[in-house]
Each structure stands twice: as structure tokens, then as C-alpha cells.
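[1] Here is my input; please provide its structure:
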Amino acid sequence: MAELSVRTRAGGETLSRLKAILGGSAGNLVEWYDWFAYASFSLYFAKVFFPKGDQTAQLLQTAAIFAVGFLARPVGAWLFGVYADRVGRKTALAASVALMCFGSLMVAAVPGHDRIGVWAPVILTLARVLQGLSVGGEYGASATYMSEVAGSRRRGFWASFQFVTIIGGQLAALGVLIILQALLSPAQLSAWGWRVPFVIGAGLAVVVFFIQVGLKESAAFEANRENRAPRSTLLGLFARHPRETLIIFALTSGGSLGFYCYTTYMQKYLTNSGHFSKDAATAISAGSLIIYLLMHPLLGWIGDLIGRVRLIAIGFTLGALSAWPIMTALAATQSAAMALALVCAALLFLAGYTSVNAVVKAELFPTPMRALGVALPYALANTIFGGTAEYVALAFKQAGRESGFFVYVAVIMAISAVTAFLMGDPRRLGLIEGD
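    Numbering: from 1, shown residues only. I've put the predicted structure just below:
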């Protein structure tokens, strides 16, 4: 009887933890769906806002606005990070997804250049800034919440679902693109079809908002609600945790650059530099993302066994060594199967970082400053290296030195690898309470 009671209690704890993980990650899926819908559909709406120039010039201008959206992410990370540390993780999650809803509606409704002239790209930029604030706030609150509710025994496995939903959001955006490509002509997609995914995203955000309002707050935050430790502030973060802040910045630099290189930019690279049509490039990107998504729970589990920092170090090392040969081979191959295999190989190495990055970062900070500590250095590095990835790649191509981008990716990943090898294992610090 006692054994049955223990099993029942354990099953209840697992179900409760699963509910918290799914609820905490639902906002990620919607936020990143909306964020990546811009990148996925830019092939069709670039000329709506920038009618002059060839395809590369148009994509370069839409990539610039994509990068501007990233500039808002550190501000969002700061505001929502402080808010999550002081008021609560789940409240910050709900607020960030509400802001994303508003930004998506703006993108869906903005008229084109032919109707309002220069105001079209201006309004588009403003919408991306709002989305940047939202995504900047979502990552830190989500990573913190999921790491705190995951439990110590399988923290890497459970927290890996944060990136599963990030990839799921990107995959959903590509899925909508594939469906619309099948239902609409290229002319219809360029004229009005590209607005559909942003309407869908806004609707999903409303649903997730109500899900997250009903979440239970993490035990770690509740245990520290009355804590008299120094409050979460920007100055306090850099003054009391400079080493941890720098570590997260260095790890995120290689991770963000690699992620945007092999996911959002890859669709354009296969079309603009490779030998594939838009439809074929989209299908290859979607297939690689499905496989990439499935890698994360397995690698999260492996990270719990061998050490999560060790897994990150191995992944970045292999990623740095393979960047040049993989990108060069992708430009040369005409086989869709070979292209898929090459992209999946790059993503496997990257998954060594992305599968466990949230929990490794969360373990570096005490509860009263965890959300801000995770969010801000991540957002800064993501802005500098992730947000500019497409722009830098296209600029190298336009200058006739595309291989320079491959070297750039390899060098930044190598720096992240060295950081991981030197940082030590944060699990020994045991800074996450409430397990």
C-alpha cells in the first residue's frame, strides 16, 4: 500500500512537472513562430516594402529590418528579466506573449510601399521592434521557469523542451509557408498571402496568454519571494556577476550565429547560392528542422549523464571544425538528399549547445537575479551575432567573398568552445532551489 502511494505521488509529480513544462514552453512556440514567420516569408514580401533592386538587394534590406528587431531584444530582456525576478516568471511570460500578439497584428495589417510609400518599411520596423521586445523578454523568463520546475535529476532533459518549442515555432512557420505555397500561386503569395501567417500567430498568442495566466509559479521563486537578497537590477548584474554574464555572452555568441546560419538563413542560402528552387529549399529546411527538434530530448538526457557543459564544449568544437566544409558542400551539391544530410550534420553539432543551454545558464545565477542574468547577456549576444547573421552573410556574398562568412562562423564557434572548456560545471553550485 505504501509502495502504491509512493508511485501515485511520483506519477502526480511527473504529470504536474510535464504540465508546467508544456505551459511554460507554449509561449516560446508562438513567439518564435511569429519571429521566424518574418524570415520565412521575406522571400515573398521583400519587394512589397522594397520594390527597387534585385533579389539580393531586396533581401538585404529585409534582413536589415530583421536585425533592427534584434536591437530591441536586450531592452526586452532587461525589462522583462527584472519583472520576472520581482513579480514572477509566469506573469512575465504572459505579458511577453501579449506584446507579440500586438506586433504580429501590425505586420499583418501594414500597407505596402505602393500605397503609403516610405511609411510601409517604417511601420514594419516598428512592429519588429515590438516583437523584439517580446522575444527578448520571453527567453529569460521561459529558460528560468523551465529550469526551476524541471527538477535536479533530469533537468537537462526537461529543460531541453524550451528549444524544442523554439524550433517548433520555426517549423510551424515553415509548415504554414509550405501549405500556402501549395494553395496559392507565387503572385498571390507576394500580393497578400504572406500576411496570413501573422494573423495566425496573433490568434495563437491569445490562446497561449490564457494558458500561461493559469500556470503555477515555480517553487524556487515562491521560496525566495520574501528573500532580502539584493533586488534584480542592471547595475547589480554586472557588479556582482561579471564572470557569469561574460560566460553566457560567449556561449550565446557561437550558438546564436550557428542557429541563424543553419536555420533562418539556410533557406535563402540554398536558393541564392545553391542550386535549389524556393520550394525545394523550404522543404529541405523543414526536414532538417524536424530532425533537429527530435535531437533535443535525447541530447538533453545525454547531457544529464555526461555533463551538460562537456556536451556544449564538444558540440561547439565539432561545429567550428565543420562550418567551412559543410557550407562549401551545400553550395556545390545539386542533390536534395545530400543537402538535407549536410544541414542535419551541422544542426547535430549545434544541438550539443541548444539542447542544454537554458539550464546551464540558469544554474549560474541565484534565484533573485536569475531571469535577468539569463536573459540580458543572451539577448546582447543574440543581437550582435544572431540578429546580424543574415545581413553579414548577404554582405559577404554581395562583395564576392561569400566564404568569408564561413570563416566568421567557425571562429565565433571556436571562441564559444574554449569558453565551455574553461568554465567548469555549474551543477556543483546547486543554485536552483525548490527541487
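[2] Report how many residues lie close to F238.
    13 (other CB atoms under 10 Å). For every residue, glycine as well, the C-beta is placed using N, CA and C.
[3] Kindly apply the preceding question to G117 instead.
    Count around G117 with other CB under 10 Å applied: 11.
[4] and what of A337?
    10.
[5] Find out how far the helix or strand hosting it is from the centre of the chain, if you would.
    Taking DSSP states H and E as the definition, one finds A337 inside helix 336-354. Offset of helix 336-354 from its chain centre (CA atoms, centre = their mean, to the nearest Å): 17 Å.
[6] helices or strands next to the helix or strand just after it in the packing?
    Sequence-wise, the next helix or strand downstream of helix 336-354 (DSSP H and E) is helix 357-362. For helix 357-362, the packing partners by 3 or more CB pairs under 8 Å, 6 or more residues apart in numbering; DSSP states H and E come out as helix 119-149, helix 155-159, helix 161-183, helix 242-262, helix 308-332, helix 370-381.
[7] re earlier: ok and the helix holding A337 relative to helix 242-262, angle-wise?
    Angle, helix 336-354 to helix 242-262, by axes from the mean of the first three to the mean of the last three CA atoms, to 10 degrees: 170 degrees.
[8] List the buried residues of helix 336-354.
    The neighbour-count check on helix 336-354 (16 or more other CB atoms under 10 Å) flags 336, 339-340, 342-354 as buried.
[9] got the CA positions of it in CSV?
    Taking Å, rounded to 0.1, in the frame of the first residue of the first chain, the C-alpha atoms of helix 336-354 are listed here in CSV:
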residue,chain,number,x,y,z
ALA,A,336,18.3,17.5,-52.1
ALA,A,337,19.1,14.4,-50.0
MET,A,338,22.8,15.4,-49.7
ALA,A,339,21.8,18.9,-48.8
LEU,A,340,19.5,17.6,-46.1
ALA,A,341,22.2,15.4,-44.7
LEU,A,342,24.7,18.2,-44.6
VAL,A,343,22.3,20.6,-42.8
CYS,A,344,21.4,17.9,-40.3
ALA,A,345,25.1,17.3,-39.5
ALA,A,346,25.6,21.0,-38.8
LEU,A,347,22.5,21.0,-36.6
LEU,A,348,23.5,17.9,-34.7
PHE,A,349,26.7,19.7,-33.6
LEU,A,350,24.8,22.8,-32.8
ALA,A,351,22.3,20.8,-30.7
GLY,A,352,25.1,20.0,-28.3
TYR,A,353,24.7,23.6,-27.2
THR,A,354,21.0,24.3,-27.8
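[10] Just the residues contacting that helix, thanks.
    163, 251, 254-255, 258-259, 262-263, 266, 270, 274, 276, 280, 283-285, 287-288, 291-292, 295-296, 299, 311-312, 314-316, 318-319, 322-323, 326, 329-330, 333, 416 (CB atoms under 8 Å, 6 or more residues apart in numbering).
[11] Put the buried members of these into a PyMOL selection.
    In PyMOL syntax, the buried subset of the contacts of helix 336-354 is picked out as below (16+ other CB under 10 Å):
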select buried, resi 163+251+254+255+258+259+262+263+266+270+274+276+283+284+285+287+288+292+295+296+299+311+312+314+315+316+318+319+322+323+326+330+333+416
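[12] phi, psi of S160?
    Here is the backbone geometry of S160 (degrees, to the nearest 10): phi -60, psi -20.
[13] Pretty sure it sits against M295.
    No: contact criterion CB atoms under 8 Å: S160 and M295 do not qualify, at 9.1 Å.
[14] Please enumerate the shared neighbours of these two.
    Residues touching both S160 and M295 (CB under 8 Å, 6+ apart): S355.
[15] F102: neighbour count?
    14.
[16] Distance check, L126 against V110.
    From L126 across to V110, the span is 9 Å (CB to CB, to the nearest Å).
[17] likewise S416?
    Taking CB to CB, one finds S416 at 37 Å from V110.
[18] Could I get the average pLDDT for stretch 141-155?
    For stretch 141-155, the mean pLDDT works out to 76.
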